[in-house]
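In: Curious how this folds, go ahead:
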Amino acid sequence: MPKTFFRDASTFRPIAVGYGSCIATDRITVDGAQVGYLYREMPNGPDDSGWRFFAGDEPKEYVENPSNLGLYDVNTIANYDVLIASCLEAPPGSAFSRFAGKFIPEKLEPPTDRL
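Out: Numbering: from 1, shown residues only. From the prediction side, this is the model:
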């Protein structure tokens with residue numbers, strides 16, 4: 001069954017252009033949740049930014065199910081949550097969590113080894 005996205009792509013603006021692709025959960029793109037945790041790992045290829053975006057409330061089983069994830073342009077996720085733009089220049093190995101309306105640096109703890 002195709003996913004019904006929370007935001008209409010025709011409304012997207014150029015917020016974070018040129019970063020490449022990323023992985024985000026359906027909690028963000030389908031449910032409309034804010035990004036609560038993001039991290040950057042070493043990119044898997046030339047088009048991969050290395051960024052991974054989560055609402056932060058996903059259980060392990062949810063994240064381990066590939067049908068709950070999607071591959072997107074980073075600009076797409078920035079249009080869901082513009083605050084991520086403040087973190088995008090961080091190097092691989094960086095992680096952030098949302099606290100009091102901003103992202104604060106965290107120790108990198110990927111939700112699963114599969115991403």
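In: Going by neighbour count, list what's buried in stretch 49-67.
Out: When burial is assessed from 16 or more other Cβ atoms under 10 Å, stretch 49-67 yields the following buried residues: Ser49, Gly50, Trp51, Arg52, Phe53, Phe54, Ala55, Gly56, Glu58, Tyr62, Val63. All C-beta spots, glycine's among them, are computed from the backbone N, C-alpha and C.
In: Go ahead and confirm the third one touches Val35.
Out: Going back to what we said before, that points to Trp51. No - judged on Cβ atoms under 8 Å, Trp51 makes no contact with Val35 at a distance of 10.1 Å.
In: hang on, the earlier thing: max pairwise distance over the buried residues of stretch 49-67: which two?
Out: Ser49 and Tyr62 (22.3 Å; Cβ to Cβ).
In: what pLDDT, on average, does stretch 57-66 get?
Out: In this model, stretch 57-66 has an average pLDDT of 96.
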